[in-house]
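# sequence and predicted structure are below.
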Amino acid sequence: MSQILEYKCPCCSGIIEFDSASQMMKCPYCETTFDPAALQEMDEALNNAPPDQLDWETPQTQFDDADLSSMQVYSCKSCGGEIIADATTGATHCPFCGNPVVLTNVFAGALKPDLVIPFKISKEEAKEALKKFAKGKKLVPKFYSSESHLDEIKGVYVPYWLYSTDVDAHINYRATRTRSWRTGDRQYTETSHFRLERQGSLSFDNVPVDGSTKVDDTMMESIEPYDLNELKPFQTAYLSGYCADKYDVDAETSVARANERIKASTLSTFQQTVGGYIAPTAESSSISLQNNSCRYALLPVWLLNTSYEGKVYPFAMNGQTGKLVGNLPSGKKEYWTRYLLSAGVCTGIVFLISLLFR
């Protein structure tokens, strides 16, 4: 068995979890609150504790080597039930008793995050935002806004790499200017061509790159930006009550996307300095990076994936700012109901008009 952590209330022994509204750890049973920093000793004790020596074997008739390499089995300390998770799951809920659990070995040692932004948007706020998002969309199936469906929304800490660097850039542009004049009955236009150079330095702090293959990169970038001034030193206490994954795309692999974002921002910033010309175009660029650093962070996201008629419709919300993006399903029943209703109204209008002109 791998190591598992639950935070228990010292007052009533209930399982406590992070409360986004108060930014404190809170017991849902006796409502006692605790500062997350007060649980730092528990984290330190955990980091210094030797691993459990509990061996188990899965019958080969059920799982092959490939299956075993991609899953972890944990034992819930509250009810003893087994929790099966993949190798990147860092926080979840027990499927038997529902208590929130943190799978500590996932974030141990070199895999431990440096930073975290705690959830600020509660589950109820996320559900209300999703209802509002779907409101007025007549073709959305009715089940989509049902309470039971919205309860499936999950708060997930998504792993990110945060890259910081200083940029020295030298960029050459092609650009034109035109002037027109008339002499007599002739119109003249003169086009002048220019080669422009721009050189300077920029600094980038905490450029985020999603480190998980489980979530769509485009969707994660769409719910940016995060207020990275609210980054806090990582503590496992923040994960209690939410789901969390560790990265499965490492920092070295993610550098390519970080460089794309840094280069695009550099070109865009320098482009703004080329004024007074028509259609300036970057002809060549030389960009070098210095003082590079990278940190591992967990950022909060509310996620809901809806399967409907063979398609998956994802929804994501920034768990700090509330910014959301998503796709809504379109139901055939709703489509034909509206189509027949519209057709019926049109037929009725035509019938009334025909009566008036008899």
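In hand now; what should we look at? Computed from a predicted structure; not experimentally measured.

# can we go C-alpha only for contacts and neighbour counts from here?
Will do.

# can you give me the buried ones in stretch 275-282?
Using 16 or more other CA atoms under 10 Å as the test for burial, stretch 275-282 gives 280, 282.

# got the CA coordinates for that stretch in CSV?
Output in CSV follows, covering the C-alpha atoms of stretch 275-282 (Å, rounded to 0.1, in the frame of the first residue of the first chain):
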residue,chain,number,x,y,z
GLY,A,275,4.5,52.8,-35.2
GLY,A,276,3.9,55.0,-38.2
TYR,A,277,4.4,52.2,-40.8
ILE,A,278,2.0,50.1,-42.9
ALA,A,279,2.0,46.3,-42.1
PRO,A,280,5.3,45.9,-40.4
THR,A,281,6.4,42.3,-40.7
ALA,A,282,9.1,40.5,-38.6
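
# what's the average pLDDT for it?
Stretch 275-282 shows an average pLDDT of 84 in the prediction.

# what's the distance between the closest residue to residue 271 other than its chain neighbours and residue 179?
Once flanking residues are discounted, residue 271 sits nearest to residue 280: 7.7 Å by CA to CA, 6 or more residues apart in numbering. According to CA to CA, to the nearest Å, residue 280 stands 17 Å off from residue 179.

# on that earlier part again, I'd guessed the residue nearest to residue 271 sits against residue 274; true?
Yes. Counting by CA atoms under 8 Å, residue 274 is a contact partner of residue 280 at 7.1 Å.

# what ranges does the stretch 51-200 of the chain have for its helices?
Assigned by DSSP state H, counting those that start in this stretch, the helices in the stretch 51-200 of the chain fall at 65-69, 123-134, 147-150.

# what lies in contact with stretch 15-33?
Residues outside stretch 15-33 that contact it (CA atoms under 8 Å, 6 or more residues apart in numbering) are 6-9, 11-12, 14, 34-36, 99-100, 118-122, 237-241.

# and with 7 Å instead?
Residues outside stretch 15-33 that contact it (CA atoms under 7 Å, 6 or more residues apart in numbering): 6-9, 12, 14, 34-36, 99, 119-122, 237-241.

# in it, which residues are buried?
Per 16+ other CA under 10 Å, stretch 15-33 contains these buried residues: 15, 16, 17, 18, 19, 20, 23, 24, 25, 26, 27, 33.

# work out for me the element the residue nearest to residue 116 when sequence neighbours are not counted sits within.
Nearest residue to residue 116 in three dimensions, chain neighbours excluded: residue 298, at 4.7 Å (CA to CA, 6+ apart). Counting by DSSP states H and E, the element that carries residue 298 is strand 278-308.

# just the angle between that strand and helix 123-134, please?
Angle, strand 278-308 to helix 123-134, by axes from the mean of the first three to the mean of the last three CA atoms, to 10 degrees: 110 degrees.
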